[in-house]
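Visitor: Quick one, what's the 3D model for this:
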Amino acid sequence: MHLVSIRIITEDVKKMSSFYEYITGIAPVLYTEDFAELKTPSAILAIGSTKTLELFGGDEVAKAAQNRTAIIEFRVNDVDDEYNRLAGFVQDLIVQKPTTMPWGNRSFLFRDTDGNLINFFAPLTREAIQKFNEGSTEELA
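Guide: Okay, here's the model as predicted:
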């Protein structure tokens, strides 16, 4: 089994797509006004409008801008460079400035325009680097 994507639900797909394009430098594919995907080398961040919830059983299935449990994580080359690049853009959304975590990652946490938590991180210690490099050359079954 392979995790392929994470989908966030929002009231404004264009605004959210533009935000993620700015922070990642990856242009999202807008399939419709209600659905977009940001394709990274390892997974997809899907962005769906609240209108798409009807297809999953109704608007009570998920609520936009109410996530307080999941963290969307992006591995980056240099956390401090990313912080310096984005600090002005996400100034009011910063949760934690670049910090080295006890498990060996350097981490910068901020929120997107709907309040979803985002972590830009880079492994620093040998153990953390090894953890993220394990299996990176294996092909998917």
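Visitor: Would you mind pointing out the helix or strand residue 14 falls in?
Guide: Taking DSSP states H and E as the definition, residue 14 sits inside helix 13-24.
Visitor: Name every strand pairing with the next helix or strand after that helix and say which way it goes.
Guide: Using DSSP H and E, the helix or strand that follows helix 13-24 towards the C-terminus is strand 29-32. Neighbouring strands of strand 29-32 in its sheet, by DSSP bridges, are strand 35-39 (antiparallel).
Visitor: List the contacts of the strand it pairs with.
Guide: With Cβ atoms under 8 Å, 6 or more residues apart in numbering as the test, strand 35-39 has contacts from 5, 13, 16-17, 20-21, 24, 26, 28-31, 44-49, 52. (Each C-beta comes from the backbone N, C-alpha and C, glycine too.)
Visitor: That one relative to helix 13-24, how many degrees between them?
Guide: 10 degrees (axes from the mean of the first three to the mean of the last three Cα atoms, to 10 degrees).
Visitor: Tally up the residues packed near residue 130, please.
Guide: For residue 130, the count of nearby residues is 11 (other Cβ atoms under 10 Å).
Visitor: Mind listing what's buried along the helix or strand hosting it?
Guide: Secondary structure from DSSP H and E places residue 130 in helix 126-133. For helix 126-133, a neighbour-count test (16 or more other Cβ atoms under 10 Å) marks residue 128 as buried.
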